[in-house]
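*Asks:* After the sequence you'll find the predicted model.
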Amino acid sequence: MRISVFGSGYVGLVTGTCFAEVGNHVWCVDVDAQKVASLQQGKVPIHEPGLAALVTTNMAMGRLQFTTDAAQAVKQSEIQCIAVGTPPDEDGSADLQYVLQVAHTIGQQMTDYKVIIDKSTVPVGTADKVRETIQAALNTRGVGCDFDVVSNPEFLKEGAALEDFTRPDRIVIGTDNPDKIIPIMRELYAPFNRNHNKLIVMDIRSAELTKYAANAILATKISFMNEIALIAEQVGADIEQIRLGIGSDPRIGFHFIYPGCGYGGSCFPKDVQALIYTAQQLGINTRILNAVEAVNQQQQQILFQKINNHFQGQLQGRCLALWGLAFKPDTDDIREAPSRKLMEALWKHGALVQAYDPEAMPETRRLYGERTDLLLCDTPEAALQNADALVIVTEWKLFRSPNFDFIKAHLKHPVIFDGRNLYDPQRLRNRGFTYYAIGRGEKI
Ligand code: NAD
């Protein structure tokens, strides 16, 4: 098949590459000329395990092309995927300007039948807006062209995006023209849908809302556990024992019940907010979602509170070693990352940060620029030098079993604030550390 994918970010690049990998011809279109130029040289601007190699192979085979030329891409392909960002507006609603820009471009360029597949996360009713925008562009040109808009939300996780895309749990298809669209979508996804049928066909509005419901329930599980962790901390119980105790019930399960220093990333915070906004517009009071969001805001402050309490409010001139900047392991994405809230609070109180992250330091440097209160270090060990304490924010594998003697020898004080509950509190205390975790018995 011949496919255009608009947006070469985490979703678009993975989508385009995976479609090319199974033999399709894919044009990845982006408005960011610098990004396109670097992709054309085979340089993948994001960290996603396995992606760079697949991009290179498919480019070499001539199946994957990167371009800013939307007109050519639209003309040459029947399928148009929209995978541009839908960032939060100030009021929490999803900003649809990029999605509608793509719709306008498609309407300006199309000369024959197109299937427009929306993979961006968009509020209910967006497919209608996409359809209207395309139709308006066609009307302006005085051209009559048939097209269908399909909602096909993407469920991939950064860090495991290739696996998720090529072996999806489900492929949600929202359409108002199933007779025509289902065979096309079945063909498009056939290589990833071989063992049992994962296509779930529904109406467009249900598909749009499915994506928000999925992210909202995952965020709810995290905030729920963080709230139980607060209780555990105050009553001298251990949330990690509780996690094992409840996760073993198959009705609850072990996924997404890890307590921590709050969820971040480019999806959960913005999608929960956008869903709240949608409900508010309808006069619905989303008590659960409001609480999920409020608990998370509070949880993102928890490491700072513990650090501030430990140092009795004396943070001026203190130096904190920070392990982990990415919002989760195996990505370089720092959008809404808890590390940022923490660093910003520490800086506000006059502290310095020496940070290490295996992948997210270039993005951190790009975002914050050169500043005297942030030192990005080449190794986790270098970040410890002369620091007053160690803070763990992201659960990268390489932080799981560090050399504790080295840590103790290089910190000014043997203190660890662990936002991801990586270590056994008793073992660390036996080694002479003051160890603060999340919900593990010790009060803030
Ligand atoms: P991103 O910010 O990484 O990438 C978006 C890209 O779109 C950028 O490269 C930008 O330059 C480009 N763009 C903007 N306007 C454009 C236009 N008119 N034409 C072509 N390109 C344009 O975004 P992302 O993380 O890939 O997310 C994309 C969408 O997918 C969002 O709606 C997001 O909520 C959703 N989503 C993201 C994830 C994830 O893990 N990141 C997972 C599932 C769904």
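*Replies:* Perfect, I can see it now. Residues are numbered from 1 along each chain as shown.

*Asks:* The chain against the ligand: which residues are in contact?
*Replies:* Proximity of the chain to the ligand (Cβ under 6 Å from any ligand atom) is limited to residues 6-12, 29-32, 35, 83-86, 98, 101-102, 120-121, 154, 156, 158, 266-267. Every C-beta, even on glycine, is put in place using the N, C-alpha and C of the backbone.

*Asks:* hey, where'd the strands end up in the stretch 101-250 of the chain?
*Replies:* Using DSSP state E, counting those that start in this stretch, the strands assigned to the stretch 101-250 of the chain run over residues 114-118, 147-151, 171-174, 199-202.

*Asks:* Mind putting those strands into TSV with mean neighbour count, distance to His413 and mean pLDDT?
*Replies:* Shown next, in TSV, are these (neighbours: other Cβ atoms under 10 Å; distance: least, Cβ to Cβ, whole Å; pLDDT from 0 to 100):
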stretch	mean neighbour count	distance to His413	mean pLDDT
strand 114-118	24	52	98
strand 147-151	23	53	98
strand 171-174	22	51	98
strand 199-202	15	54	98
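
*Asks:* Which of those sits closest to Phe256?
*Replies:* When the strands of the stretch 101-250 of the chain are compared by Cβ to Cβ, strand 171-174 sits nearest Phe256, at 19.3 Å.

*Asks:* How is the chain divided into domains?
*Replies:* With domains defined by automatic domain parsing, the chain comprises 2-202, 235-436.

*Asks:* For Gln157, grab the count of nearby residues.
*Replies:* Heads up, residue 157 is Lys, not Gln. For Lys157, the count of nearby residues is 16 (other Cβ atoms under 10 Å).

*Asks:* er, Thr379 I mean
*Replies:* 10.

*Asks:* quick revisit: among the residues of the chain next to the ligand, which ones are buried?
*Replies:* Listed as buried from the residues of the chain next to the ligand are 6-12, 29-31, 35, 83-86, 98, 101-102, 120-121, 154, 156, 158, 266-267; burial here means 16 or more other Cβ atoms under 10 Å.

*Asks:* Tell me which entries of those residues lie within strands.
*Replies:* Among these, the residues falling in strands (DSSP state E) are Phe6, Val29.

*Asks:* Where helices are concerned, which of the buried ones among the residues of the chain next to the ligand count?
*Replies:* Judged by DSSP state H, helices contain the following of those: Tyr10, Val11, Gly12, Lys35, Tyr98, Gln101, Val102.

*Asks:* Any idea which residue of the stretch 1-150 of the chain lies closest to the ligand?
*Replies:* At 1.8 Å from the ligand, Gly9 is the closest residue in the stretch 1-150 of the chain, using Cβ to the nearest ligand atom.

*Asks:* just to revisit the earlier point, please convert the domains of the chain to a markdown table, extending it with distance to Asn215.
*Replies:* Shown next, in a markdown table, are the domains of the chain (distance: least, Cβ to Cβ, whole Å):
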| stretch | distance to Asn215 |
| --- | --- |
| domain 2-202 | 8 |
| domain 235-436 | 4 |
